[in-house]
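Test case, fold it:
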Amino acid sequence: MVYGKTAVAAAISRGIEVRGFPLRGRLEIESPLGRLEADLQGERLARLQADKALAPLQYIFSDLFSRFHRAVGLKIAIHSSIPDRAGLASSAAVSSALIALIFSFLGERWKVEEAVELVYASELRIQRRGSVIGSSCTVNGGFVCVSNGKWRRLAIQPEGLEILIVDTGERCATSDTTARVRGLWNRDPKGAGALFDEMNEIAEEGRRRLEQKKWDEVGSLMNRNQERLRWLGVSTPRIDSLTRELRDWVYGAKITGAGGGGCVLCLPKEGAEKRIAEIVMREGGVLLEADLCGEGVCSRSEETLCRRSS
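Now for the predicted structure:
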């Protein structure tokens, strides 16, 4: 949710892996989305060359180098098991991993609250709009609740909670869907406000049912939330068709992230996986293997692995 309302997210076992190695006087980044190269002049990046998708990453480095009044040359490779622009907050995962990597190479230690603030600031530059939920979930892992712009980690143990993630293949930038919601708010603030209030109540109730391990009731609340997301205009005909076809085989199904396409999170009923897979294939989607994960961003020697939320 947005506009100060409640949202609950959980980290999954898919993530972003960033490997970094020292490189004298240079910054070089390679990823499936392109390259970024720059010379280091003190704390500044000079003679920057970057593909469009990676260009915003320069601010992560320049901000942190200025913050600590020193820089470090790095050769970085980014590997992802998260589809880009699919509602799984791949951008927040990249920001989390890169910031952790820079801290590691600079020999600095961070506090979790500080890390979330840094990732969120980076996301606002990259996405231009956003919620702190992606930033807090990538840093912390596990379950995270955001309300009124404040986040907290939830002590939810997901044993017995199975998930399936369907990639619809549709892609939409977060900034596009958030702009669409902003337009609705400007046109009809009273109606949009009432809709947001309903979704806030659903999210709060969902949090309580998660804490009670009442997975079937969580699913029912997901279905109610998805219906309101459709009214909000951030679902798509393909997602509407998919969730309709899955209805008898899952406790609940809803879009992840900002919507407009991307992925659908499902809570499957016992023994329904084969039937779900058939429906997903018929509807043109792809099942992504993933589990819930309690681990957030972490460093291992000279590499950083960041896991992401749904």
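
list the contacts for residue 169?
By CB atoms under 8 Å, 6 or more residues apart in numbering, the contact set of residue 169 is 261, 284, 285, 286. In short, each C-beta sits where N, CA and C put it, glycine included.

pLDDT below threshold where in the stretch 1-150 of the chain?
1-3, 129-130 (pLDDT under 70).

burial of residue 285, as a residue count?
Per other CB atoms under 10 Å, the neighbour tally for residue 285 reads 21.

Please read the previous query as pertaining to residue 28.
Count around residue 28 with other CB under 10 Å applied: 15.

gap between it and residue 40?
11 Å (CB to CB, to the nearest Å).

Return the residues in contact with residue 215.
160, 161, 251, 267.

which of these are buried?
161, 251, 267 (16 or more other CB atoms under 10 Å).

Flag whichever of the residues you listed scores worst on pLDDT.
Ranked by pLDDT, the buried ones among the contacts of residue 215 bottom out at residue 161, which has 90.

pLDDT at the nearest residue to that one once chain neighbours are set aside, what is it?
Counting by CB to CB, 6 or more residues apart in numbering, the nearest residue to residue 161 once its immediate chain neighbours are dropped is residue 215, at 5.4 Å. pLDDT for residue 215: 94.

do the same with residue 190
As predicted, residue 190 sits at a pLDDT of 86.

Show me which positions of the helix or strand harbouring it end up buried.
For residue 190, the host element (DSSP states H and E) is helix 189-211. Buried residues in helix 189-211, counted by 16+ other CB under 10 Å: 192, 195-196, 198-200, 202-207, 209-210.

now the contacts of residue 169: which count as buried?
261, 285.

Which segments of the chain make up each domain?
Following the assignment in automatic domain parsing, the chain carries domains at 7-150+293-309, 159-288.

Run through the stretch 201-310 of the chain and note the low-pLDDT ranges.
Those would be 300-310, if you go by pLDDT under 70 across the stretch 201-310 of the chain.

Would you map the strands across it?
250-255, 263-268, 286-288, 298-300, 303-309 (DSSP state E, counting those that start in this stretch).

Determine which residue lies closest to the centroid of the protein.
Central residue of the chain (CA atoms, centre = their mean): residue 89, 2.1 Å from the mean position.

before we move on, the earlier item: please name every helix or strand in contact with the helix holding residue 190.
Using 3 or more CB pairs under 8 Å, 6 or more residues apart in numbering; DSSP states H and E, the elements in contact with helix 189-211 are strand 7-22, strand 150-154, helix 174-187, helix 215-232.

would you put the C-alpha positions of the longest one in CSV?
Below are the C-alpha coordinates for helix 215-232, written out as CSV (Å, rounded to 0.1, in the frame of the first residue of the first chain):
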residue,chain,number,x,y,z
TRP,A,215,-3.0,-19.4,6.1
ASP,A,216,-6.4,-20.0,4.5
GLU,A,217,-7.7,-16.7,5.9
VAL,A,218,-4.6,-14.9,4.8
GLY,A,219,-5.5,-16.2,1.3
SER,A,220,-9.0,-14.9,1.5
LEU,A,221,-7.7,-11.5,2.4
MET,A,222,-5.3,-11.6,-0.5
ASN,A,223,-8.2,-12.2,-2.8
ARG,A,224,-10.1,-9.2,-1.3
ASN,A,225,-7.0,-7.0,-1.7
GLN,A,226,-6.5,-8.1,-5.4
GLU,A,227,-10.1,-7.1,-6.2
ARG,A,228,-9.4,-3.6,-4.8
LEU,A,229,-6.2,-3.4,-6.7
ARG,A,230,-8.2,-4.1,-9.8
TRP,A,231,-10.5,-1.2,-8.9
LEU,A,232,-7.5,0.9,-8.4
